[in-house]
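Novice: Sequence first, predicted model second:
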Number of protein chains: 2
Amino acid sequence: MTDTPSGTGGVVSERLTSDLPVTDADAAADLVADDATVLVSGFGSVGYPKAVPLALAESGRDLELTVVSGGSVGEEIDVALVEAGGITRRYPFQTSKQAQTAANEGRIAFSDRSVGSLADEVQYGGLVDSDTAVVEAVAVGEDWFIPSTSIGQTPAFVDAAPELIVEVNRAQPLALQSVHDIYRPDAPPNREPIPLTDPGGQIGSPRITFDPTKLVAVVETDRSDTPYSFRDPTEADHAIATNLGEFLEQELDRSAVFDEQLHLQFGVGSLGNALMGELTDLNVGDREMIYFGEVIQDGLLDMLDSGRLESASATALALSAEGQIRLFDDIERYAEDIVLRPTDISNNPALIDRFGVVGVNSALEVDIYGNVNSTHVGGTRVLNGVGGSLDFNGNSLVAVCALPSTLKDGDISRIVPLTPHVDHTEHDIDVFVTEQGIADVRGCSPVERAERLIDECAHPDYRASLREYLDAAKERGGHIPHDFERALDWLN
Amino acid sequence: MTDTPSGTGGVVSERLTSDLPVTDADAAADLVADDATVLVSGFGSVGYPKAVPLALAESGRDLELTVVSGGSVGEEIDVALVEAGGITRRYPFQTSKQAQTAANEGRIAFSDRSVGSLADEVQYGGLVDSDTAVVEAVAVGEDWFIPSTSIGQTPAFVDAAPELIVEVNRAQPLALQSVHDIYRPDAPPNREPIPLTDPGGQIGSPRITFDPTKLVAVVETDRSDTPYSFRDPTEADHAIATNLGEFLEQELDRSAVFDEQLHLQFGVGSLGNALMGELTDLNVGDREMIYFGEVIQDGLLDMLDSGRLESASATALALSAEGQIRLFDDIERYAEDIVLRPTDISNNPALIDRFGVVGVNSALEVDIYGNVNSTHVGGTRVLNGVGGSLDFNGNSLVAVCALPSTLKDGDISRIVPLTPHVDHTEHDIDVFVTEQGIADVRGCSPVERAERLIDECAHPDYRASLREYLDAAKERGGHIPHDFERALDWLN
């Protein structure tokens, strides 16, 4: 049989071909063992399987699942299945209050993994012994499917797991095939160089292929993704965007790397989305602006619509409900400029390096020496996870950390003497930006970094006490002066 | 004129061609401004310029130099020039007590940078405004030279600096040209994929080329490199090597990635050297063992001589005096298996990933949750710097941290509740090995990591108190449980 009515590589116009093991969600869920390691598609809270996880949650079974997702997924997994007590182990990222509470109470063994290397960790690195991959698709054939609103780690998951369940989601447009570019590097140690030389380029196909003997069930569904809800930009967001814009314009003048093109990445979330949206005013002269990042958020659609952005490469369409309608209604046009790739390409160290990316990511808090905590409140209570920020902070030509200087209406300083948890070290970040200003710490010693962070980035209400900390610490000596007892007074 | 008697690309048989601005070290030193930013060759304490730095140190001038080296350099720079008070700013790594003290007392503004990204930071990233590159060569022509015992960041430094001084060192054999493979990636954003598909392969030339108008002086010298002195392997080293060997043999069975080849990297220093030497006994079956790392140490020569190692790729020949004689006496034979590359190739994230490297690096201390301090004693006093460990810990398929469980004759545990400084985060390390055992923490939650590190890797004398810490911290809750007050009791 041919695998699609239109032949391999052609445009797919039907959701399902014949001879597929189509069944309902409950029957498919029964194929998942109680203690299975389940690899699920999904990234940026979209493109994850919905019907089978919900059937598992509602099965009443005594489940002890290990759930590995591409990145963040929606409530069918991180709320319903968590509340049903079905997950005992979870990687690499989670977004719901329920999953966070379970991780913080030790009910779920959560391991916070960097998403850029997760595919390899699962397939080659010994992270888990995989049982079943459960993925969302817009169409499926005998030995291929077309993913929906995210690619994430799906190609690796499908290769790694001995069994495959595909959810075909009729709520996701078939036209999504036009934005996909699936290329998965070969297995080490015989990996070929990744041939992508332009973020907008195509090096793969819209389809993920699999060994047809793995396919144990196909389930039809029409449940929508849980769309993102971005908060409205705050005053601080506007001020951060202004400072970031000022820094970027200086940087364009500084280096010949940016003479013709500026490759940008922004972290996932409301601040990142707000920054993207506001950069439509950036004065880049004749340069092309190109996005090489992890997710497409609403702010990027604004930049594409305004003609300021040449192209955007990512692994997920993490849009608001309105953004999703906007994209789906005009997908052929957007597909000319948007490409979705597997996470090990979207977050690939070599590609981030190759394009000279300026990466802009946020944080919970930073310390005066430039260490960044982006995951654990008070150093102990996990929020979502490190996500892709390690990939971009570690490999961008210029790594920018953008965050408001305070939280809780100014009651807490986000610039502290010592972060109680470190996700990004003093070696990673080049420039800090808050609503107060810009601290370019490239080439600075630790004490110089502290001075710049305090003077340029800290909220004026906290500058004197931070300076007092630094001065007292310097009395004690050392390359990175500290008074650890005193630093604990700042712990929240 | 032709650039060598034997023509471009041929074997070079003369140290100097005519028409070069040959002068003495004092005259060359006079060409360096008092407050210059000087980029010096050198990595692994070898291949650094000696005569000009010494002339600067002895000049009696009131110098305020910024010195950027490839990696570690010898005493002419990090002792003589430091003692003369000539250095006010230093990147990315230093090895002498004098330089460490100056950094810890704030007399030198030191910035501890990862060596794998330093070339780009200097050339494109805005780290410094370069004035003069001073490099060691075995031979020099009008627009090229052949580096000596290390490549390091030299190609980038020569491109970045407007002026170039070359020291031709007659103590370094001309035959070193046979081990060099100089390939520097193009400038971003138009970087081509690096074509290296085999660590032993050749993709460049033995020469570094430069714009001939930059060459302001050529100085002849015959000062030798300061050779490494490795301490004799300790009982703990032997036990760590045994445990590491056991882990590696398990890993070879686990994954098809290692079916035909095992690519290894070891950190610089006595422990790394001892581990390399002892792995000649590793049972790898028919597999090829290949080294893809940063430095060639004596232990690797043992492995090459025993026929256990197929080839070795690195950026420097960090050998003992005996090792150097051994290599130089038989360089044609060793050149068949040894390749020296620029640091941005030897430590390249894409290549470490491509070959599925198992990276083995050490640390000062680790905390129970898997955070690693490799640079700052007590969190404040810097030793050498992070070097290349970030590149390998962050990008290896399997990142191993190997260290003795205690220091100071057992008086201090290297496994602690909380590292006061973090160079490698909980996201980086897969496996810890001490003389006590192996803690494979892949897939573990933080609390599970703590249990394994305490039970398998901590010294028995400290297990009860570490467990007591963990239990008390767990009472307080959280995903990464801590009692920070109590953690401070462990600070040294």
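Specialist: Sure, I can see it. Numbering: from 1, shown residues only, chains lettered A, B, ... in the order given.
Novice: How many residues are close by the residue in the stretch 51-200 of chain A positioned nearest to chain B?
Specialist: Proximity to chain B, evaluated over the stretch 51-200 of chain A using Cβ to the nearest Cβ, is greatest for residue A:188 at 2.9 Å. Bear in mind the C-beta positions are built from the backbone N, C-alpha and C, glycine included. Residue A:188: 21 surrounding residues under other Cβ atoms under 10 Å in any protein chain shown.
Novice: show me what contacts residue A:167?
Specialist: Residues counted as contacts of residue A:167 (Cβ atoms under 8 Å, 6 or more residues apart in numbering or on different chains) are A:25, A:49-52, A:134-137, A:218-221.
Novice: before we move on, the earlier item: quick check: the residue lying closest to the residue of the stretch 51-200 of chain A closest to chain B once chain neighbours are set aside vs residue A:345, distance?
Specialist: Nearest residue to residue A:188 in three dimensions, chain neighbours excluded: residue B:356, at 2.9 Å (Cβ to Cβ, 6 or more residues apart in numbering or on different chains). In this structure, residue B:356 and residue A:345 are separated by 18 Å, where distance is defined by Cβ to Cβ, to the nearest Å.
Novice: Likewise for residue A:282?
Specialist: Plainly put, residue A:282 is 26 Å away from residue A:345 if you go by Cβ to Cβ.
Novice: Grab the nearest non-local neighbour of residue A:366.
Specialist: Nearest in space to residue A:366, with sequence neighbours left out and distances taken as Cβ to Cβ, 6+ apart, is residue A:372 at 5.0 Å.
Novice: Now do the contacts for that neighbour.
Specialist: With the criterion set at Cβ under 8 Å, 6+ apart, residue A:372 makes contact with A:363, A:365-366, A:393, A:401, A:419, A:422-425, A:428-429.
Novice: a markdown table please, covering those and showing pLDDT.
Specialist: Putting the contacts of residue A:372 into a markdown table (pLDDT from 0 to 100) gives the following:
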| residue | pLDDT |
| --- | --- |
| A:363 | 96 |
| A:365 | 98 |
| A:366 | 98 |
| A:393 | 97 |
| A:401 | 98 |
| A:419 | 97 |
| A:422 | 98 |
| A:423 | 98 |
| A:424 | 98 |
| A:425 | 97 |
| A:428 | 96 |
| A:429 | 98 |
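Novice: Give me the buried subset of those residues.
Specialist: Burial by neighbour count, 16 or more other Cβ atoms under 10 Å in any protein chain shown: within these this picks out A:363, A:365-366, A:393, A:401, A:419, A:422-425, A:428-429.
Novice: Please identify which of those is nearest to residue A:128.
Specialist: For residue A:128, the nearest member of those is residue A:423. The distance, counting by Cβ to Cβ, is 22.2 Å.
Novice: For the closest one, list the residues it contacts.
Specialist: A:363, A:372-375, A:386, A:389-390, B:425, B:427.
Novice: Just the buried residues of these.
Specialist: Of the members of these, the ones counted as buried by neighbours, 16+ other Cβ under 10 Å, are A:363, A:372-375, A:386, A:389-390, B:425, B:427.
Novice: Compute the number of surrounding residues for residue A:369.
Specialist: Residues lying near residue A:369 (other Cβ under 10 Å) number 24.
Novice: residues contacting the closest residue in space to residue A:34 that isn't next to it in sequence?
Specialist: The spatially closest residue to residue A:34, leaving aside those adjacent along the chain, is residue A:63, at 5.4 Å (Cβ to Cβ, 6+ apart). With contact set as Cβ under 8 Å, 6+ apart, residue A:63 has these partners: A:34-35, A:56, A:81, A:84-87.
Novice: and with 7 Å instead?
Specialist: A:34, A:56, A:86 (Cβ atoms under 7 Å, 6 or more residues apart in numbering or on different chains).
Novice: again, but for residue A:38
Specialist: For residue A:38, the contacting residues are A:32, A:65-67, A:131-132, A:134, taking Cβ under 7 Å, 6+ apart as the criterion.
Novice: tell me which element it is part of?
Specialist: strand A:37-40 (DSSP states H and E).
Novice: Run me through the strand neighbours of that strand, direction for each.
Specialist: strand A:65-69 (parallel), strand A:132-140 (parallel) (DSSP bridges).
Novice: so what does the helix or strand just after that strand touch, helix or strand wise?
Specialist: Scanning forward in sequence from strand A:37-40 by DSSP H and E, the next helix or strand is helix A:51-57. With contacts defined as 3 or more Cβ pairs under 7 Å, 6 or more residues apart in numbering or on different chains; DSSP states H and E, the packing partners of helix A:51-57 are helix A:25-30, strand A:163-169, strand A:215-221.
Novice: tell me the most buried of these?
Specialist: The densest packing among the helices and strands packed on helix A:51-57, expressed as mean neighbour count by mean count of other Cβ atoms under 10 Å in any protein chain shown, is seen in strand A:163-169 with a mean of 25.
Novice: Send me that one as PDB with only the CA atoms.
Specialist: Taking Å, rounded to 0.1, in the frame of the first residue of the first chain, the C-alpha atoms of strand A:163-169 are listed here in PDB:
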ATOM      1  CA  GLU A 163       5.100   0.800  21.300                       C
ATOM      2  CA  LEU A 164       3.300   3.800  19.700                       C
ATOM      3  CA  ILE A 165      -0.200   5.300  20.200                       C
ATOM      4  CA  VAL A 166      -1.200   8.100  17.900                       C
ATOM      5  CA  GLU A 167      -4.000  10.500  18.700                       C
ATOM      6  CA  VAL A 168      -5.300  12.100  15.500                       C
ATOM      7  CA  ASN A 169      -6.700  15.500  16.500                       C
END
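Novice: what does the helix-or-strand element of chain A with minimal mean pLDDT rub up against?
Specialist: Taking mean pLDDT, DSSP states H and E as the measure, chain A has helix A:270-278 as its least confident helix or strand, at a mean of 85. When contacts are taken as Cβ under 7 Å, 6+ apart, the neighbours of helix A:270-278 outside the stretch itself are A:230-231, A:233, A:237-238, A:240-241, A:244, A:266, A:297-300, A:302-303, A:360, A:362, A:402.
Novice: Could you look up the next helix or strand downstream of it?
Specialist: Next in sequence after helix A:270-278, counting helices and strands by DSSP H and E, comes strand A:288-292.
Novice: For the stretch 351-492 of chain A, just list every one of the strands.
Specialist: Listed in chain order, the strands of the stretch 351-492 of chain A (DSSP state E, counting those that start in this stretch) span A:358-361, A:365-367, A:372-373, A:376-377, A:381-382, A:398-402, A:406-407, A:412-413, A:415-416, A:431-433, A:438-440.
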